[in-house]
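# Fold the stuff below for me.
(4 chains)
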4 protein chains.
Amino acid sequence: MNKSRLEAFSDGVFAIIITIMVLELKVPVGTSWDVLKPLMPVFGSYVLSFVFIAIYWVNHHHLMHTLKNVNSRVMWANMHLLFWLSLIPFVTGWMGVNNFDKVTVAVYGCVPILSGIAFTILTNEICRTYKEQTKLTKAIAKSNVKGIWSTILYAAAIPCALYIHPLLAAVLFISVSVMWIIPSKDIERALNDD
Amino acid sequence: MNKSRLEAFSDGVFAIIITIMVLELKVPVGTSWDVLKPLMPVFGSYVLSFVFIAIYWVNHHHLMHTLKNVNSRVMWANMHLLFWLSLIPFVTGWMGVNNFDKVTVAVYGCVPILSGIAFTILTNEICRTYKEQTKLTKAIAKSNVKGIWSTILYAAAIPCALYIHPLLAAVLFISVSVMWIIPSKDIERALNDD
Amino acid sequence: MNKSRLEAFSDGVFAIIITIMVLELKVPVGTSWDVLKPLMPVFGSYVLSFVFIAIYWVNHHHLMHTLKNVNSRVMWANMHLLFWLSLIPFVTGWMGVNNFDKVTVAVYGCVPILSGIAFTILTNEICRTYKEQTKLTKAIAKSNVKGIWSTILYAAAIPCALYIHPLLAAVLFISVSVMWIIPSKDIERALNDD
Amino acid sequence: MNKSRLEAFSDGVFAIIITIMVLELKVPVGTSWDVLKPLMPVFGSYVLSFVFIAIYWVNHHHLMHTLKNVNSRVMWANMHLLFWLSLIPFVTGWMGVNNFDKVTVAVYGCVPILSGIAFTILTNEICRTYKEQTKLTKAIAKSNVKGIWSTILYAAAIPCALYIHPLLAAVLFISVSVMWIIPSKDIERALNDD
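Numbers count the residues shown, from 1 in each chain, chains lettered A, B, ... in the order given. This is a model prediction of the structure:
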């Protein structure tokens, strides 16, 4: 059982999710600033979600790199992750067209939590296939901790959006993203060492 | 003739089918519960079909894994399968926007029957390329039997939807899905043994 | 320069073209036969184009299989082919929603002609990279002749649609398709012999 | 760390971008010339952008061919490029439906500038991984110079569109495209020499 198809299928889904979000930027008739203005929040939510999906792709790439054999459990854990990610275009569009309204920001925050849980499950499922502790498994475990912290921050963003201000939630979303932009340096190093 | 392009093309089609279904979840303007409520059946039908396509992908992955040489017959049997699967987004959307109306559930049930027949044809076409009985061909034959049973259950779901209750049909759909979630363990084992 | 990315990119485009056509089947609200009836010609045109794209994919698969080195000329000849094929969803939809009106059938017929010419150019570009006559180059040349005949038949379909009856043109389209369903058996045989 | 997934994901995104642009050609009801006429500028902008994306794909293909090891920096530089390219369908559609209005042409011109900068960053990031000057690095550097010139021409096109005539800007866009249609012959030669 090799992993090339699992990667190819996941790449296809990632590529489609990241690209169809742009369809929510409906082409307006008219060329004045007034027709572009209502698109600004939609564009802002697009940028946020593009970075979010990009981070997931980079980490998925690193994680899959460590995988040796594919089994049914890994395949379904991966499908579970892709399911939550596939909801990103919807929540992104909803948040965008409603100008970052607090309810939409709170709902948007749920998807990263569920994706984060799914990613943790996938990581654990992959770690199960390793017999012994190596640099690599330690690096994965460390990145898993980062994942759990992100999930907690996302969970904190929901009450922030609802009871304080949606902007505070957006700041939390962005800070989690920044934390992940330099992904799994440890995994990279561990893979090079092996 | 190697199979990598057949897999890559199929992966592309699977990835697009599973992802464009989410476009049927039209982004609503407004943030109250009332604007989300009509989307609930659409979301329900999306989940059902996501799992359905995921099962097909996992089984397609297993089946293709056993394939050695690609010929025109296999390519066209595969195209035939992809054709029926490509109708899933339409019937899913129709069932969703009409709130699981009995007619739409019955029509939805037709696509899995036709996909099931197409999958059986593809399996047979691939088995033809094997000369001798092995653990693998036995495992494939066994999974084929499961496929025929699923088709019968789907066929039974149609009169259930029309004359008893659409919910009963949905229960039948879900039970077939559960039956397949642990896919082809035998094929996995047979491949590892070889 | 290897050909894997050329194949992967083409597979992606083929997969998207074949799948987005189904989006033209707009999901209707209502469950009576009356809401499905106007979709029938759209569905008919979808089936026609699905088979058309499938034939191109199978032949592209065979042709690329014979390719050894990729250069800029081959890449651009391939892009040219993909451009004409990318117009298929538009002409398919236009023919479908206008119930196979003679003008739309004639316009539909133009795309296969231009795709046919593009495919011939691509074939010639690939043949240029061969130094000597082999079984394979003969098989490709033979398939090229079939391509030229198809183009002539498609060209004949346009006046048929405009001045006799759109149905006659559709019959011509279908007969070309049937002629290609068993693709390049000679190429398959020549590749196996090599 | 191998580059196959980076290529596969990029190919997916390129394939989707190039294909979803055709969805902006909305299928009209009616078969007279009058219903097709308003689509002509949309079609024109589609052709322009198809060629633009095709050029980027060909150059991306050449550039990636020279890459040996993938690291996080290269992955993010690539994501950055894909982000700007993903805006092409929107600006193409906007320019098309507004009949090449001067404001839309100027905005359209911004995307190639930003993509050009992103491509230069990606090239530099890849060059960093080379220790010594070879024919290849010289060829890449040369193509980089061409990239900087293109960016300058695109930048010049914006005031042309706004203050002189949109058509002049279109001529500049087309001349940059022609300059790139024969891509990186030097890279091709350098790769063959190695």
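# how many neighbours does residue A:148 have?
The criterion is other Cβ atoms under 10 Å in any protein chain shown. On that basis, residue A:148 has 12 neighbouring residues. (Glycine included, C-beta is placed from N, CA and C.)
# Any idea how many residues pack against the closest residue to it other than its chain neighbours?
Among residues not flanking residue A:148 along the chain, residue A:120 sits closest, at 6.7 Å (Cβ to Cβ, 6 or more residues apart in numbering or on different chains). By other Cβ under 10 Å, the residues close to residue A:120 number 18.
# just residue A:106 next, same as before
Going by other Cβ under 10 Å, the residues that sit close to residue A:106 add up to 20.
# so what's it up against?
Residue A:106 makes contacts with A:157, A:158, A:161, A:162, A:169, as judged by Cβ atoms under 8 Å, 6 or more residues apart in numbering or on different chains.
# quick one: it and residue D:130, what's the gap?
48 Å (Cβ to Cβ, to the nearest Å).
# Next: residue A:61.
To residue D:130, residue A:61 is 23 Å away according to Cβ to Cβ.
# of these two, who's got more company?
Each of residue A:61 and residue D:130 has its neighbours counted (other Cβ under 10 Å); residue A:61 has more, 22 against 14.
# The strand or helix carrying residue A:175 near chain D at all?
With elements delineated by DSSP states H and E, residue A:175 resides in helix A:166-181, which encompasses its position. Yes: Helix A:166-181 is in contact with chain D by Cβ under 8 Å from any Cβ of the partner chain, via residue A:181.
# Around chain C, pick out the residues from chain A.
Taking Cβ under 8 Å from any Cβ as the criterion, the neighbours of chain C within chain A are A:12, A:15.
# Which helix or which strand is home to the residue of chain A found nearest chain D?
Using Cβ to the nearest Cβ, the single residue of chain A nearest to chain D is residue A:15, 3.0 Å away. Applying DSSP H and E as the criterion places residue A:15 in helix A:4-20.
# That helix: what's the following helix or strand?
Toward the C-terminus, helix A:4-20 is succeeded by helix A:33-36 as the next helix or strand (DSSP H and E).
# ok so, going back, which secondary structure elements does the helix holding residue A:15 sit against?
Under the contact definition 3 or more Cβ pairs under 8 Å, 6 or more residues apart in numbering or on different chains; DSSP states H and E, helix A:4-20 sits against helix A:39-65, helix A:72-85, helix A:88-97, helix B:4-20, helix B:40-65, helix C:4-20, helix D:4-20, helix D:72-86.
# picking up where we left off before, show the contacting residues for the residue of chain A closest to chain D.
Residue A:15 is in contact with B:15, C:12, D:9, D:12, D:13, D:15, D:16, counting by Cβ under 8 Å, 6+ apart.
# what do you get if the cut-off is 10 Å, keeping everything else the same?
By Cβ atoms under 10 Å, 6 or more residues apart in numbering or on different chains, the contact list for residue A:15 reads A:53, A:57, B:12, B:15-16, B:19, C:12, D:8-17, D:82.
# Spatially, which two of the contacts of residue A:106 are the most separated?
A:157 and A:162 (9.7 Å; Cβ to Cβ).
# Report pLDDT for the residue of chain A found nearest chain B.
Of all residues in chain A, the one sitting closest to chain B is residue A:12 (3.0 Å; Cβ to the nearest Cβ). We note a pLDDT of 92 for residue A:12 in this prediction.
# That one: neighbouring residues, count only.
Counted with other Cβ under 10 Å, the burial measure for residue A:12 works out to 30 neighbours.
# so it makes contact with residue B:20?
No: judged on Cβ atoms under 10 Å, residue A:12 makes no contact with residue B:20 at a distance of 11.8 Å.
# what is in contact with those two at once?
residue C:16.
# If you average pLDDT per helix and strand, which one of chain A comes out bottom?
Within chain A, confidence by mean pLDDT, DSSP states H and E is lowest for helix A:185-193 among all helices and strands, at a mean of 70.
# Quick check: which ranges of chain A have low pLDDT?
A:1, A:131-133, A:182-186, A:191-194 (pLDDT under 70).
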